[in-house]
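**Student:** Sequence and predicted structure are below.
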Amino acid sequence: MTTLLAHAAPYGTPGGSTPRNDAPHVPVMLEECLDALRPSEGGWIVDATFGAGGHTAALLAAGAHVIAIDRDPSAAQRAASLDHPHLVFAQGDFRDMERLLAEHDVPAPMGVLMDLGVSSMQLDEGDRGFAFRHDGPLDMRMSASGPSAADLIAETSEADLAALLYRYGEERHSRRIARAIIAARNEAPITTTGRLADVVTAAYPPGPRSDHPARRTFQALRIVVNDELGALEEGLEAVARLLGVGGRVAVLAYHSLEDRIVKHFFKGSSRLTPLTKRPLTASEEEIARNPRARAAKLRVAEKVSS
Ligand SMILES: C[S@@+](CC[C@H](N)C(=O)[O-])C[C@H]1O[C@@H](n2cnc3c(N)ncnc32)[C@H](O)[C@@H]1O
């Protein structure tokens, strides 16, 4: 493993915390996150994105007390199955972290982890509607409430659709795709991931591709349906207020829109100082084991003043 943070205490994966190969979601850059957060016996850490609990399990194994947050209602059961006396689970949005911690009488934490985006479970379950490779209802709601991606597609104008595909998917062919979606919607409502993926694929210009043509469209819709960037901005503000002085926040981002927000927030905050000039990335060995780690960018900051 390369040196992570010059002044971080050396910290390996604690015994027993190594994720199982059959885990539903393999935690990304686990050792680097532990290095950054320095979990200590009895100290409180917020895992703001519990998922399948891989990071939480490692933090608990290191002796930390963890409050785990997830907006996905199915995460509660996975947290309960860890059955750990030092784990508290709070279902909700991490933008409401202050309220969630207060409701559970959690003191100022010394670490916060945000592992952004969707989990492998959410992607793999076709009926959650996140994946262009699995046919299912066009849903994409992490919290299983509020308007779905099908609602968004049904109600958005062509110009607004093109703008959101460009902005949140960084999709170069946004206008052409929006036009095709509106034409398809006029024939029959688009209610499945399979149909949307087919419409986008057919609209894509021919030529060599390194990627599935619908990937950026799905990313854009998912970001809007879950207001992911708004939640990230508010979540970071909450973290900067909540953290104890000397505490650290570690954020794993998976695309440039998220990473840019984290980078600028850390730079501009009077309460935080960035510890990572450039984001840390996963080792080749980890990427070979877990291809999802390829896109990960880890940034870490420390709270320096209240
Ligand atoms: C990449 S996964 C986390 C995986 C986890 N670190 C693990 O090791 O299993 C992201 C999780 O964060 C949740 N999530 C995303 N945005 C959220 C938000 N604003 N508030 C709360 N949870 C959120 C998702 O529902 C998903 O379960």
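**Tutor:** Everything's here; your move. Residues are numbered from 1 along each chain as shown.
**Student:** distance of Asp83 from the ligand?
**Tutor:** Applying C-beta to the nearest ligand atom, to the nearest Å, the value for Asp83 to the ligand is 17 Å. C-beta coordinates here come from the backbone N, C-alpha and C atoms, glycine included.
**Student:** now swap in Ile287 and tell me
**Tutor:** Using C-beta to the nearest ligand atom, one gets 16 Å for the distance from Ile287 to the ligand.
**Student:** swap in His173?
**Tutor:** 27 Å.
**Student:** Which residues are in contact with that residue?
**Tutor:** The neighbours of His173, taking C-beta atoms under 8 Å, 6 or more residues apart in numbering as the test, are 203-205.
**Student:** now Val262
**Tutor:** Applying C-beta under 8 Å, 6+ apart, we find Val262 in contact with 232, 236, 251, 253, 299.
**Student:** Just give me the closest of the residues you listed to Ala58.
**Tutor:** Val251 (16.9 Å; C-beta to C-beta).
**Student:** that's a strand at the closest one, yeah?
**Tutor:** Yes: counting by DSSP: H, G, I helix; E, B strand; the rest coil, Val251 is part of a strand.
**Student:** That one and Arg215: what is the separation?
**Tutor:** The gap separating Val251 from Arg215 is 22 Å, by C-beta to C-beta, to the nearest Å.
**Student:** Compare those two (neighbour count), which wins?
**Tutor:** Val251 (31 against 16; other C-beta atoms under 10 Å).
**Student:** so what's the closest residue to the ligand within the chain up against?
**Tutor:** Closest residue of the chain to the ligand, C-beta to the nearest ligand atom: Gly51 (2.5 Å). Applying C-beta under 8 Å, 6+ apart, we find Gly51 in contact with 25, 70, 75, 115, 119, 121.
**Student:** how about 7 Å then?
**Tutor:** 25, 70, 75, 115, 119 (C-beta atoms under 7 Å, 6 or more residues apart in numbering).
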